[in-house]
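Trainee: The amino acid sequence is not available; the structure is as follows:
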């Protein structure tokens, strides 16, 4: 059951990305493993649920900014899309 609207049309997503995940947040990027501090999975796995009625990703929000966004090393950051 959706934690926002109470709907029962929940889509579960699971993907194995074998340390080839790219995540962008503001002006920072993370390439490699799925960040463990985001509600999208961790390690080599992307895993989350989304309500097909209201579109909310299931879980507790808000979450803090990801650790990689605190990087000050410009070589690790990529241009935003």
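Mentor: Cool, the structure landed. Since the structure is predicted, the reported quantities are computational estimates derived from the model, not experimental observations. Residues are numbered from 1 along each chain as shown.
Trainee: Can you measure across stretch 58-66, start residue to end residue?
Mentor: End-to-end span of stretch 58-66 (C-alpha to C-alpha, to the nearest Å): 18 Å.
Trainee: Show me which residues of it are buried.
Mentor: Buried residues in stretch 58-66, defined by neighbour count with 16 or more other C-beta atoms under 10 Å: 58, 66. The way it works is simple: take the backbone N, C-alpha and C, and place the C-beta from them, glycine included.
Trainee: Give me the residues contacting it.
Mentor: Stretch 58-66 is contacted from outside by 2-3, 10, 23, 25, 30, 35, 37-39, 48-51, using C-beta atoms under 8 Å, 6 or more residues apart in numbering.
Trainee: quick one: average pLDDT of that stretch?
Mentor: Stretch 58-66 shows a mean pLDDT of 96.
Trainee: now do stretch 27-45
Mentor: 96.
Trainee: Run through who's touching that stretch.
Mentor: The contact list for stretch 27-45 (C-beta under 8 Å, 6+ apart) reads 14-23, 46-48, 57, 59-61, 63-64, 66-69, 71, 76-78, 80.
Trainee: Any buried residues in it, and which?
Mentor: 28-30, 33-35, 38, 40-41.
Trainee: Give me the distance from it to the chain's centre.
Mentor: How far stretch 27-45 lies from its chain's middle: 6 Å, per C-alpha atoms, centre = their mean, to the nearest Å.
Trainee: measure that stretch end to end?
Mentor: Stretch 27-45: ends 24 Å apart by C-alpha to C-alpha.
Trainee: Contacts only, for residue 25.
Mentor: Counted by C-beta under 8 Å, 6+ apart, residue 25 has contacts 65-66, 68-69.
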